[in-house]
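Colleague: here is a sequence with its predicted model. Questions after.
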Amino acid sequence: MTFQIDSGDREGGAAVLVATGELDLATVEILEAAFERAIQGSDGRVVIDLTRVKFMDSTGMRALLVATQRLEAIDRSLGVVLNGGPVARALAITGVDRLLKLFDTLEAATA
């Protein structure tokens, strides 16, 4: 399965990215480029919806943490939308979930 990011939507002042597929070493550059565009293209929160991502390895987790740090350094934040599944489990097992602002729905993340 491939990986893609749909972006450009703005909800509640947030730049919204919707990811689909498998996020790993081969595809993480797509996510990093989308984060860069979102950070440069808006001045509010960035939200990444991972509910359609079926797999994420440590490189995807690292990208989330780097984006979180970059945004926090400029008084902004990253919201991560999850609704259970393998990505939520991977984040919980590694403890990365405690370092991210997690939301159950896109509506909650953009409120």
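Modeller: Sure, I can see it.

Colleague: okay, strands next: where are they in this structure?
Modeller: 3-11, 14-23, 46-56, 78-81, 101-103 (DSSP state E).

Colleague: across the sheet, point out what pairs with the spatially most central residue of the chain.
Modeller: Centroid check for the chain by Cα atoms, centre = their mean gives Ile48 as the closest residue, at 3.3 Å. Ile48 has the following beta-bridge partners by DSSP bridges: Leu17, Val80.

Colleague: residues near the closest residue in space to Asp24 that isn't next to it in sequence, how many?
Modeller: Take Asp24 and drop its neighbours on the chain: the residue closest to it by Cβ to Cβ, 6 or more residues apart in numbering is Asp57, 4.5 Å away. C-beta here means a position set from N, CA and C on the backbone, and glycine is covered the same way. A count of nearby residues for Asp57, using other Cβ atoms under 10 Å, gives 15.

Colleague: same deal with Leu64?
Modeller: When neighbours are defined as other Cβ under 10 Å, Leu64 has 21 of them.

Colleague: what about Ser58, how many residues close to it?
Modeller: Neighbours of Ser58 using other Cβ under 10 Å come to 13.

Colleague: ok, it - contacts?
Modeller: By Cβ atoms under 8 Å, 6 or more residues apart in numbering, the residues touching Ser58 are Thr94.

Colleague: now swap in Ala108 and tell me
Modeller: Val81.

Colleague: quick one on the thing from earlier: I'd say the residue nearest to the centre of the chain and Gly79 touch.
Modeller: Yes: Ile48 is in contact with Gly79 according to Cβ atoms under 8 Å; the separation is 7.4 Å.

Colleague: re earlier: quick one: the strands of the chain as CSV, columns for distance to Arg62 too.
Modeller: CSV is the format used below for the strands of the chain (distance: least, Cβ to Cβ, whole Å):
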stretch, distance to Arg62
strand 3-11, 15
strand 14-23, 11
strand 46-56, 10
strand 78-81, 13
strand 101-103, 17
